[in-house]
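Participant: Structure, please.
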Amino acid sequence: MKILLLGKNGQLGWELQRALAPLGELLALDRHEGGDLGQIETLRATVRSVKPRLIVNAAAYTAVDKAESDIAQAHLINGQAPGALAEEAQALGALLVHYSSDYVFDGSGDQARTEDAPIAPLSVYGASKAAGEAAIRETGCQHLILRTSWVYARRGGNFAKTMLKLAVEREQLKVIADQIGVPTGADLLADLSAHMARATLADTTLCGTYHAVPSGETSWHAYARYVIETARAHGKSIKVAANQVQAIPTTEYPTPARRPLNSRLNTDKLRARFGLHLPTWQSGVDRFLAEIL
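Facilitator: Reported below is the predicted structural model:
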């Protein structure tokens with residue numbers, strides 16, 4: 001089986017190279033190798049040339065704040081390009097795996113959203129991800145859309161790495177406490193993708209949209225404290241005291257793009273339909289920290 005992976009050098013794409021390799025003949029591309037989502041005709045030509053049975057799109061426009069002033073590019077990469085991939089997948093009879101975001105929701109309330117909950121994105125980024133989802137569904141192609149949140153990995157920058165750097169340099173930190181979600185390791189997301197793709201290739205009734213995050217929930221503030229205290233327990237020299245990681249509301253840290261306050265995602269559907277266990281977010285962060293400290 002031929003597998004085409006786009007976005008091979010991103011946090012998720014790097015882990016997917018490992019996770020997808022046992023499933024078949026893997027061709028992993030970045031945007032300089034015919035996998036540029038900003039060049040749709042080139043992208044179509046790549047898919048037609050490779051003729052994959054499985055297409056995994058880990059490429060995306062992820063600059064959330066920049067998207068507020070770069071609307072056309074965000075929608076091209078996150079909205080139109082996934083639709084084009086879906087059209088090519090439909091023509092080939094291929095399965096498309098695509099990644100979306102908690103940002104498609106408005107973040108209201110305090111309950112975990114199910115896959116069929118109404119979407120109402122607050123930002124250009126969220127709207128572009130919602131557009132990509134809709135474009136894929138409209139083609140009728142075989143697909144898995146995995147919504148996730150707060151992705152981190154050893155490769156590239158992320159919130160945990162930033163907190164560790166600041167904790168070494170500063171005596172006090174201020175971190176948002178009223179945004180609630182789930183840190184998701186790129187390694188876990190890649191492994192889920194491989195398991196789910198394999199099952200769906202064998203049983204296409206599993207196609208659809210799923211929420212893919214670890215179990216549990218936390219705030220950015222509690223996440224920062226967990227990372228810092230775990231690092232301290234590992235012997236890392238930390239300057240900031242535990243009681244000097246101050247909790248602040250979102251209103252004290254304005255950004256161009258609005259963030260959802262409630263990013264909880266209900267994963268009952270994924271666990272029930274695929275029979276998979278979702279570990280706690282802490283177990284993934286513990287492993288990540290053990291590797292980088």
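Participant: Tell me where the stretch 101-250 of the chain has helices.
Facilitator: 124-139, 159-169, 186-202, 220-233 (DSSP state H, counting those that start in this stretch).
Participant: just the strands in the stretch 1-150 of the chain please.
Facilitator: Here the stretch 1-150 of the chain has its strands, by DSSP state E, counting those that start in this stretch, at 2-6, 25-29, 54-57, 95-101, 142-148.
Participant: counting contacts, what elements does the shortest one pack onto?
Facilitator: The reference is to strand 54-57. Secondary-structure packing of strand 54-57 (3 or more CB pairs under 8 Å, 6 or more residues apart in numbering; DSSP states H and E): strand 2-6, helix 11-20, helix 81-92, strand 95-101, helix 186-202. Yep, even glycine has a C-beta here, placed from its N, CA and C like the rest.
Participant: Adjacent strands (with direction) for it?
Facilitator: Strands adjacent to strand 54-57 in the sheet, as given by DSSP bridges, are strand 2-6 (parallel), strand 95-101 (parallel).
Participant: Surely residue 123 touches residue 67?
Facilitator: Yes. Counting by CB atoms under 8 Å, residue 123 sits close enough to residue 67 to count as a contact (6.9 Å).
Participant: what do the two both touch?
Facilitator: residue 257 (CB atoms under 8 Å, 6 or more residues apart in numbering).
Participant: out of these two, which sits in the busier spot?
Facilitator: Higher neighbour count among residue 123 and residue 67: residue 67, with 24 against 20, using other CB atoms under 10 Å.
Participant: Settle this for me: that one is touching residue 124, isn't it.
Facilitator: Yes. With contact defined as CB under 8 Å, residue 67 counts as touching residue 124 (4.3 Å).
Participant: which residues do these two both contact?
Facilitator: 74, 257.
Participant: Contacts only, for residue 261.
Facilitator: By CB under 8 Å, 6+ apart, the contact set of residue 261 is 107, 108, 178, 179, 180, 250.
Participant: which among those residues end up buried?
Facilitator: Neighbour counting with 16 or more other CB atoms under 10 Å marks 107, 178, 179, 180, 250 as buried within those.
Participant: Which of the residues you listed fall in strands?
Facilitator: residue 180 (DSSP state E).
Participant: picking that back up, among the helices of the stretch 101-250 of the chain, which is the most enclosed?
Facilitator: Among the helices of the stretch 101-250 of the chain, ranked by average contacts under mean count of other CB atoms under 10 Å, first place goes to helix 124-139 (a mean of 22).
Participant: just checking, what packs against it?
Facilitator: helix 71-75, helix 81-92, strand 95-101, strand 142-148.
Participant: Go ahead and name everything in contact with the first one.
Facilitator: Applying CB under 8 Å, 6+ apart, the external contacts of helix 71-75 come out as 38, 61, 67, 124, 125, 127, 128, 131.
Participant: For residue 231, state which of the residues you listed is nearest.
Facilitator: Nearest to residue 231 among those, counting by CB to CB, is residue 125 at 29.8 Å.
Participant: List the contacts of that closest one.
Facilitator: Applying CB under 8 Å, 6+ apart, the residues contacting residue 125 are 61, 62, 63, 64, 67, 68, 74, 78, 101, 103, 257.
Participant: do residue 271 as well
Facilitator: The neighbourhood of residue 271, defined by CB under 8 Å, 6+ apart, consists of 277, 278.
Participant: same deal with residue 24?
Facilitator: Shown in contact with residue 24 (CB under 8 Å, 6+ apart): 1, 2, 3, 53, 54.
Participant: can you do 6 Å?
Facilitator: By CB atoms under 6 Å, 6 or more residues apart in numbering, residue 24 lies in contact with 1, 3.
Participant: Then residue 213?
Facilitator: By CB under 6 Å, 6+ apart, the contact list for residue 213 reads 148, 149, 182, 184, 265.
Participant: In this structure, which residue is most central in space?
Facilitator: Nearest residue to the geometric centre of the chain (CA atoms, centre = their mean): residue 148, 4.7 Å.
Participant: in terms of contact, does that one touch residue 184 like I think?
Facilitator: Yes. Here residue 148 reaches residue 184: they are 5.1 Å apart, a contact under CB atoms under 6 Å.
Participant: could the contacts of residue 261 go into CSV alongside distance to residue 164 and pLDDT?
Facilitator: Formatted as CSV, the contacts of residue 261 follow (distance: CB to CB, whole Å; pLDDT from 0 to 100):
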residue, distance to residue 164, pLDDT
107, 27, 95
108, 32, 96
178, 23, 96
179, 20, 97
180, 22, 98
250, 22, 96
